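Novice: Just the structure for this:
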Amino acid sequence: MTLYDAIFIRRSVRKFNNSPLDAAAIKSIEKFIEDTPPLTGQSARFEIVSADKVHGGASAPHYILAYCNESDSAYANVGYVLQNADLYLQSIGLGSVWLGMAKPNEPERDYCILLAFGKTDVPIRKAEEEFKRLPMSEISDQDNSVAKAVQLAPSAVNSQPWKLHFESGKVVIRYFGRGLMKLMLRKKLNKIDLGISARHVETALLHEGKTILSITPKTSGKTFEIEIAYK
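Specialist: The predicted model follows:
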């Protein structure tokens, strides 16, 4: 299964088998994350730990911890990189879930968020109709395959805090908070969400044979957006 295919069947899994992955499997996942380029001008640190290093998490045997500085662009970068891992994990038959409230037992100052993963018996989705998402008209100025990939992206409490704007050779994802979620999640989680949506844009464009030129987070006043340039 490709990463693009995983977009349409992925599921946030909270029930895992007790059996952990072997060392070779963990090593391959670590390498996949290491080989994932960050957003332009950004960096982050990732670490895979076992369940005994985390509290408030799911029943997963493994967790990817993300660390970054405190900025909108840094948070978006974590979402962008970890969503690639999320798609990869589900593409190889594992379960995964973003957990915004869970934390490592000894969190460092630059701790950001974690992704839980492991073996699971929870089935993948069989149809797009199983997703509960906002209508396309509320999240994008065009209804196309790239926008569809973003429509199915996960987000904190399914808030989908973005609007897509399509230009010639460019897709712009702008932060757009909605209702109470705008106030509750705007500082970090919704910026992570924008990074997640950028990953789905890139994955869909690559599937269409496009070449990605740059993926750049930008802050201007109160506006935060991610610009994806391609040809």
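Novice: could you pull out the helices for this protein?
Specialist: With DSSP state H as the criterion, the chain has helices at 3-7, 23-34, 72-91, 136-139, 145-151, 179-185, 189-207.
Novice: The nearest residue to residue 115 once chain neighbours are set aside - how many residues pack around it?
Specialist: Spatial nearest neighbour of residue 115, excluding adjacent residues (CB to CB, 6 or more residues apart in numbering): residue 64 at 4.5 Å. In this view, the C-beta of every residue, glycine as well, is placed from N, C-alpha and C. Residues near residue 64, counting by other CB atoms under 10 Å, number 22.
Novice: Residue 64 and residue 46 touch, don't they?
Specialist: Yes: between residue 64 and residue 46 there is a contact at 5.8 Å, judged by CB atoms under 8 Å.
Novice: hey, what's in contact with both of those two?
Specialist: Listed as contacting both residue 64 and residue 46 by CB atoms under 8 Å, 6 or more residues apart in numbering are 33, 82.
Novice: Domains in this structure, by residue range?
Specialist: Following automatic domain parsing, the chain resolves into domains at 3-118, 128-230.
Novice: Between those, which has the poorest mean confidence score?
Specialist: Of all the domains of the chain, mean pLDDT reaches its minimum on domain 128-230 (a mean of 91).
Novice: how long is that domain end to end?
Specialist: Terminal residues of domain 128-230 are spaced 27 Å apart (CA to CA, to the nearest Å).
Novice: Report the distance from it to the chain centre.
Specialist: Distance, stretch centre to chain centre, for domain 128-230: 11 Å (CA atoms, centre = their mean, to the nearest Å).
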